[in-house]
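Visitor: Predicted model and sequence follow; I will ask about them next.
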Amino acid sequence: DQWYTVPLERDKERTFVPINEMIVKVGERSFEKKQLRSLEQSYTKCPYFKDYFYLLENWYNHKSESLVVRNMDFIKSVNELLDIKCEMVYASELKVGGSSTEMLVNLLQTQNSTHYLSGAGGKDYQDETLYDATGIALLYNEYTVPHYHQANVKEHKAGLSIVDYLMNAGAGVIKKELYK
């Protein structure tokens, strides 16, 4: 298995830096060429490589050193491909307090949310009583990506990124799965 990491500027004054303040380390731009080349070699034989490799090129060649700007541009591009239409709101712009579940519920209340769809792992740490107290319905997503053909592997590897799914199955298959 291959993991990719991004070198980030370190703030020696703080142990926690919010994602909207994370900056890709200046002078370490060579990681981008190496990782992009590695990803190209990994996916070049996939049936939809030529259709979607630009997504990775755009992320790695992005002009911004802001991690959140790169990530949000990537997410918006994928949303367009999959016909996902939703308003994107930055939590950092909502100026709410609290920590963990309390902060999340506060964020949801600023948007007049009636439901919150959490990943299945949220069952292990969320305080469900806070949702109940505010009348927000808490739902857990039990979705699993269906088995799809993956080029260059003998056995299917579950839980990989949307990039793997796009490269191997294409947006058409993904949209059918999302909207069935």
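Guide: Received, thanks. Numbering: from 1, shown residues only.
Visitor: excluding its backbone neighbours, what's nearest the residue at minimal distance from the centre of the chain?
Guide: Note on the chain: the residue nearest the mean C-alpha position is I75, at 6.7 Å, using C-alpha atoms, centre = their mean. Residue nearest to I75 in three dimensions, not counting chain neighbours: M88, with 7.6 Å by C-beta to C-beta, 6 or more residues apart in numbering. Placement of C-beta: from N, CA and C, glycine included.
Visitor: contacting residues for the one you found?
Guide: M72, I75, K76 (C-beta atoms under 8 Å, 6 or more residues apart in numbering).
Visitor: Any buried residues in whichever helix or strand the residue nearest to the centre of the chain is part of, and which?
Guide: Using DSSP states H and E, I75 falls within helix 67-81. For helix 67-81, a neighbour-count test (16 or more other C-beta atoms under 10 Å) marks L67, V68, R70, D73, F74, V78, L81 as buried.
Visitor: isn't the first one right up against T5?
Guide: No: L67 is beyond contact range of T5, at 11.8 Å (criterion: C-beta atoms under 8 Å).
Visitor: Helix or strand: which one has V163?
Guide: Using DSSP H and E, V163 maps to helix 162-178.
Visitor: Now do that helix and helix 67-81, the angle between them.
Guide: Computed by axes from the mean of the first three to the mean of the last three C-alpha atoms, to 10 degrees, the angle separating helix 162-178 from helix 67-81 equals 40 degrees.
Visitor: packing partners for the next helix or strand after the helix holding I75?
Guide: With elements assigned by DSSP H and E, the helix or strand that comes after helix 67-81 is helix 101-110. Here helix 101-110 touches helix 128-134, going by 3 or more C-beta pairs under 8 Å, 6 or more residues apart in numbering; DSSP states H and E.
Visitor: next structured bit after the helix it packs on?
Guide: Next element after helix 128-134 (DSSP H and E): strand 137-141.
Visitor: How about residues contacting that next one?
Guide: If you take C-beta under 8 Å, 6+ apart as the criterion, strand 137-141 is touched by 114-120, 122-123, 126, 128, 131-132.
Visitor: Now stretch 136-143 - C-alpha only, PDB.
Guide: Output in PDB follows, covering the C-alpha atoms of stretch 136-143 (Å, rounded to 0.1, in the frame of the first residue of the first chain):
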ATOM      1  CA  ILE A 136     -31.400  17.600  14.800                       C
ATOM      2  CA  ALA A 137     -31.800  14.100  13.500                       C
ATOM      3  CA  LEU A 138     -28.500  12.200  13.500                       C
ATOM      4  CA  LEU A 139     -28.100   9.600  10.800                       C
ATOM      5  CA  TYR A 140     -25.200   7.200  10.200                       C
ATOM      6  CA  ASN A 141     -24.100   6.500   6.700                       C
ATOM      7  CA  GLU A 142     -23.600   2.700   6.300                       C
ATOM      8  CA  TYR A 143     -22.700   3.000   2.700                       C
END
